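Colleague: I would like to see how this sequence folds:
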Amino acid sequence: MSASIRVLRPQEQTRFARLGDWLVDLASNRLLRGERELRPTPKAMAVLRQLMLANGAPQTRSELLDTVWKDAFPTDDVLTHAITELRRAIEEDPKLPRHIETIPKVGYRLLTTVEWLEQLPGRPGDSAEQIVSPVRLEPETPAKRPQAMAIVVAGIVAMLALLAVFGRAPPPSRVDMRNPVFAFNGLPLRPVTAESDSETFPSISPDGTSVAYTARYPGDDGPHIYLRGLSGSPPIRLSRSEANEETYPVWSPDGTQIAFVRMRGADCRIVVVAALGGREREASSCEPYFIDYFDWTRDGRSLVVSRLRALPPGGDGKARVEGTKSLHLLSLEDGQVSALDYQRDSSQPDIQPRVSPDGKRIAFRRGAVPYSDIFVTASDGGAVRQITRLRARIRGYDWLPDSRHMLLSSDHSGTQGLYLLDTESGELANLGIAGGSYPSLSRGRAYAVFQQDNADVNLQSFRFDASVDAAGEGIASSTRSESWPAFAPNDDRLVFVSNRGGDSQLWLSEPGARTSYQITHHKNVELSAPNWSPDGRRVVYVARGNAQSKLFSVEVDSGQTRQESDDGDNVRYGTYAADGRSLYYVSDRDGAWHIWQRDLAKRSSRRISESTAYSVSDGVGNGKLYFANIGEGGLYSIDLASGAEARVNNSIQFWNMNAWRADPTGLYYLFSGEDLKMQLFVQPWDGGEPRLLRKVDWALAEGGLALDRAATKAVLPVVARDDTDVMLLDLSSIVKP
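Modeller: Okay, here's the model as predicted:
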């Protein structure tokens, strides 16, 4: 220990301590060990403080609940979650704790001696914020495919054309992507919100003093827009509308107005209101049930939106539209929507536009979730340049004030995190902030806010013979997140995707068993869409990472895996044919997301769909293949004998394209009710009216749906806890003055 650091007696106001090989900064909610720094939630750190102050004496659950959750009415679960979070952070093996002991029927105590410190160890004169050893922020360059000489030459010609469109290269960067900075929250970082609720879609004001965000606080009838000063002022609700949901606030460039999305059932509107509250005006209708992203133009007179583009009338005189969305300008003066004339890809949607601070360029996300990349065009349209080649789940991005760099949320490395992106070179630098999404940057200061995701998603079973409002029954519960359930053909086992072991893997649960066990062992990939073979021996699934998505299968009993797709394939969904001899999967091997059939014996594939697709099923046994049509929307069928395609249902859209099952008894799917709460329906194949089976308030539509063989129950991923917070990130150490 440094001679300049004194050991203190524990006091309520003491800030620093040593706990085994961890250093604790209670005031900043930090745990440090070498170059590693963790920031548990404030409640978890408050529990740790009480255990440390007890100096090894047992603390009962009642004592901890009364102290940490004072003036609240918590359940025992909140304390269990806090202890679990602390053990995940500081224990080498959370199942064999050596720091925090559980005393059955009593509570908890610390097994490790606590040393209270006057300051944290470091160089003389170092402040508490400077004790983390600097770690170099290594740039990350996306993988490049081999290029033929002809392609290189074509690329040079294209670059010359782009220079003609975009003008000269911008001035030297003011962002130092190679500057040594602190790893994982070593950049100054603090919570803006810390309530035991979920705060999402933060948007920082241009002057960097306030943040608008979406939250549902006690007494609210749904999520609404709140404003909060970064100096610590209490939240203020922006609107008193009786809408079911208000979300996605975006500040105008001058900071005087905020636009946001308002939904009442199936009715969706983009609303503009003064930033200080007051009279509102509806700017446009929008698409309900998912976020209709938009941004302001530099002059504040229009919004850049994503819409279906009108086409000239067909031979029958009827109006037509393109099958995928593209960028449009929405005038706030007269409400007129005009298409932006720029280079498009008719097979890929262009969404989530972001206008550069200088107003010269529009960035957008091209590609359907979760296979997107960032593209840029001039503000008046024209040529398009691809910036990233990640094929990743991009959960928000924003420009830095220099109009060259971006802060980007991507999962291309296996987990969602924040990256700096140079839009000129395509260079990426990982900030090491796991779970960060939907960043927003101020224009006048090097401040960013982002959404720190912190939710547990558990599997629940819902029987159809119970009341529609009855609660579900937990399955394979853990303190981590589970999704994508799938029953084995004889219902004796359930496979699902979980990160309970740290990485995204397939796990197996058997009815009556107290535990589940892991059956895959991938690294740095995200798994999805598991489906069983008809004989119950194998499970096929998608593994996505490093800008590729491949189809794998695993033999359940042995755990042996094999790649089912060709190396050139990128796959988004796969399932076995009813006879088990082939696989149906969705791949972009010919440039668009079509359905392909793979002969497992010959190891060869052929395309079978004309329409673009997302998910597919051969579960009805009537000679037809069913799929979610990503281009047109709705559920379609393919007659396997003739190849004819036909729409069979309009309820399967972009937002619920994972949450359906085709069964001989009908189509089972999640849909949003009038109050925007999830409901499970069955649609008979004979065209009868859909029948409501269950109401599932917090079902996660993007996490799949499992149906048992007799169609008597469904298993769904349900959000059990969501403590997502808004965080403030100071980028001044890597942004040059």
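
Colleague: what residue is smack in the middle of this protein?
Modeller: Arg395 (5.4 Å; CA atoms, centre = their mean).

Colleague: and the nearest residue to that one once chain neighbours are set aside, how many neighbours does it have?
Modeller: Once flanking residues are discounted, Arg395 sits nearest to Ser437: 3.7 Å by CB to CB, 6 or more residues apart in numbering. Heads up, the C-betas are built off the backbone N, CA and C, glycines and all. As a burial measure, Ser437 scores 24 neighbours (other CB atoms under 10 Å).

Colleague: for the helix or strand encompassing Val726, packing partners?
Modeller: Secondary structure from DSSP states H and E places Val726 in strand 725-730. Applying 3 or more CB pairs under 8 Å, 6 or more residues apart in numbering; DSSP states H and E, one finds that strand 725-730 contacts strand 189-191, strand 199-204, strand 210-215, strand 447-452.

Colleague: packing partners for whatever helix or strand comes next after the third one?
Modeller: Of the helices and strands lying after strand 210-215 in sequence (DSSP H and E), the nearest is strand 224-229. Under the contact criterion of 3+ CB pairs under 8 Å, 6+ apart, the helices and strands touching strand 224-229 comprise strand 210-215, strand 236-237, strand 245-251.

Colleague: tell me the strands beside strand 224-229, with direction?
Modeller: Strand pairing for strand 224-229, determined by DSSP bridges: strand 210-215 (antiparallel), strand 236-237 (antiparallel).

Colleague: so who does Leu716 touch?
Modeller: 459-460, 462, 472, 485, 659, 670, 680, 696, 699-700, 703, 705-706 (CB atoms under 8 Å, 6 or more residues apart in numbering).

Colleague: now Leu303
Modeller: By CB under 8 Å, 6+ apart, the contact set of Leu303 is Ala259, Ile270, Ala283, Ser284, Phe294, Asp295, Trp296, Thr297, Leu329, Leu330, Leu332.

Colleague: drop anything exposed from those.
Modeller: By neighbour count, with 16 or more other CB atoms under 10 Å, the contacts of Leu303 hold Ala259, Ile270, Ala283, Ser284, Phe294, Asp295, Trp296, Thr297, Leu329, Leu330, Leu332 as buried.

Colleague: so the third one, which state does it fall into?
Modeller: Using DSSP: H, G, I helix; E, B strand; the rest coil, the secondary structure recorded for Ala283 is strand.

Colleague: how about the secondary structure of the nearest residue to it once chain neighbours are set aside?
Modeller: For Ala283, ignoring the flanking residues on the chain, the nearest one in space by CB to CB, 6+ apart is Ile270 at 4.6 Å. With three-state DSSP as the basis, Ile270 sits in strand.

Colleague: I believe Leu86 is in a helix; please confirm or correct that.
Modeller: Yes: according to three-state DSSP, Leu86 belongs to a helix.

Colleague: so what's the residue count around it?
Modeller: Neighbours of Leu86 (other CB under 10 Å): 24.

Colleague: repeat for the one 3 residues further on
Modeller: By the measure other CB under 10 Å, the count of residues near Ala89 is 17.

Colleague: got phi/psi on it?
Modeller: When read as degrees, to the nearest 10, the backbone of Ala89 gives phi -80, psi -50.

Colleague: from Leu189, how far out is the residue lying closest to it once chain neighbours are set aside?
Modeller: Once flanking residues are discounted, Ala89 sits nearest to Leu38: 5.0 Å by CB to CB, 6+ apart. Counting by CB to CB, to the nearest Å, the separation of Leu38 from Leu189 is 12 Å.

Colleague: these two: which has the busier surroundings?
Modeller: Shown here are Leu38 and Leu189; by other CB under 10 Å, Leu189 has more neighbours (22 against 17).

Colleague: so what's that one bridging to?
Modeller: Beta bridges link Leu189 to Leu729, judged by DSSP bridges.

Colleague: wait, it touches Val726, no?
Modeller: No: in this structure Leu189 lies outside contact range of Val726 using CB atoms under 8 Å: 11.6 Å.

Colleague: and Val586, what does it touch?
Modeller: Val586 touches 571-574, 593-596, 613-616, 627, counting by CB under 8 Å, 6+ apart.

Colleague: rerun at 7 Å
Modeller: Val586 makes contact with Val571, Arg572, Tyr573, Trp593, Ile595, Ala613, Tyr614, Val616 under the criterion CB atoms under 7 Å, 6 or more residues apart in numbering.

Colleague: same check, this time on Asn570
Modeller: Applying CB under 7 Å, 6+ apart, we find Asn570 in contact with Arg391, Gln548, Ser549, Ser587, Asp588.

Colleague: with Leu667 instead?
Modeller: Neighbouring residues of Leu667 by CB under 7 Å, 6+ apart: Leu635, Asn649, Trp660, Val682, Gln683.

Colleague: in which helix or strand would I find it?
Modeller: strand 666-672.

Colleague: Lys602 is nearest to which of the helices and strands packed on strand 725-730?
Modeller: Taking CB to CB, strand 447-452 is the member of the helices and strands packed on strand 725-730 nearest to Lys602, at 47.0 Å.

Colleague: now do the next helix or strand after that closest one: everything it contacts.
Modeller: Downstream of strand 447-452, the next assigned helix or strand under DSSP H and E is strand 455-463. With contacts defined as CB under 7 Å, 6+ apart, strand 455-463 is touched by 472-477, 479-483, 485, 496, 680, 694, 696, 700, 703, 712-722, 724.

Colleague: and the buried ones among those, selectable in ChimeraX?
Modeller: Of the contacts of strand 455-463, the buried ones go into a single ChimeraX selection, burial set by 16+ other CB under 10 Å:
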select :472,475,476,479,481,482,483,485,496,680,694,696,700,703,713,714,715,716,717,718,719,720,721,722,724
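
Colleague: possible to save the helices and strands packed on strand 725-730 as TSV with mean pLDDT?
Modeller: As requested, the helices and strands packed on strand 725-730 are arranged in TSV below (pLDDT from 0 to 100):
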stretch	mean pLDDT
strand 189-191	88
strand 199-204	96
strand 210-215	95
strand 447-452	95
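
Colleague: tell me which of the ones you listed sits nearest to Glu510.
Modeller: Comparing the helices and strands packed on strand 725-730 by CB to CB, strand 447-452 comes nearest, at 35.2 Å.
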